[in-house]
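>>> the following block contains a protein sequence and its predicted model.
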Amino acid sequence: MERTYLGPGLGELDDGSDPAMSFGVATERSDGVDVALSGLIHPEGTPVEQTAVVFEMIEDMIVDDLGGEMGDVTRLRFYVREDVLTADLRRELHELRRDVFSAPEYPAATMVGVSSLVHDDADVEVEASAFVPADERTVTTIRPD
């Protein structure tokens, strides 16, 4: 089994040291690559602008670094500061996902309101999981009646 560590130790902690983490880990299997991306932030702009930049970061890793496509993203977890999490923001983030992912291939997603994030200026943090298949992609959609 081969593993690829994406951006290990990048960034800087408050004390100036490097973080003991990677932005993501890609584990190669016989049928493709499992990808786990750490919570990513971009602490500038509105919550929607922050999330758009994070989606670009995810795309860079999945598409550019690993040869996948955004449709390979299987799970998203949104951590949103509860003081900015409104019905309007939830709607805007859903619209942004519609722009980034092709219907009906939306990843499973969870959005959680949190009291704070590690970076004071960040309003949103996003974790992602993906599976980049080694062979041709097939898509099946099941909709409840």
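Done, it's in. Numbering: from 1, shown residues only.
>>> strands of this protein, start to end?
Under the criterion DSSP state E, strands of the chain are mapped to 3-6, 24-29, 32-40, 73-81, 108-114, 124-133.
>>> let's have those strands in CSV, adding mean pLDDT, mean neighbour count and distance to residue 58.
Every C-beta, even on glycine, is put in place using the N, C-alpha and C of the backbone. Rendered in CSV, the data for the strands of the chain read as follows (pLDDT from 0 to 100; neighbours: other CB atoms under 10 Å; distance: least, CB to CB, whole Å):
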stretch, mean pLDDT, mean neighbour count, distance to residue 58
strand 3-6, 84, 14, 11
strand 24-29, 90, 17, 9
strand 32-40, 95, 20, 6
strand 73-81, 98, 20, 7
strand 108-114, 97, 13, 13
strand 124-133, 97, 21, 5
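>>> residues in contact with the residue nearest to the spatial centre of the chain?
The residue at the geometric middle of the chain, judged as the C-alpha nearest the mean C-alpha position with CA atoms, centre = their mean, is residue 128 (3.5 Å). By CB atoms under 8 Å, 6 or more residues apart in numbering, the contact list for residue 128 reads 35, 37, 40, 58, 62, 73, 75, 76, 77, 107.
>>> so which pair among the residues you listed is furthest apart in space?
Distances among the contacts of residue 128 were taken as CB to CB; the most separated pair is 62 and 77, at 15.6 Å.
>>> burial count for residue 144?
By the other CB atoms under 10 Å criterion, the neighbourhood of residue 144 contains 3 residues.
>>> circling back to that earlier point, distance to residue 67 for the strands of the chain - can I get that in JSON lines?
Output for those, formatted as JSON lines (distance: least, CB to CB, whole Å):
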{"stretch": "strand 3-6", "distance to residue 67": "11"}
{"stretch": "strand 24-29", "distance to residue 67": "10"}
{"stretch": "strand 32-40", "distance to residue 67": "9"}
{"stretch": "strand 73-81", "distance to residue 67": "14"}
{"stretch": "strand 108-114", "distance to residue 67": "22"}
{"stretch": "strand 124-133", "distance to residue 67": "7"}
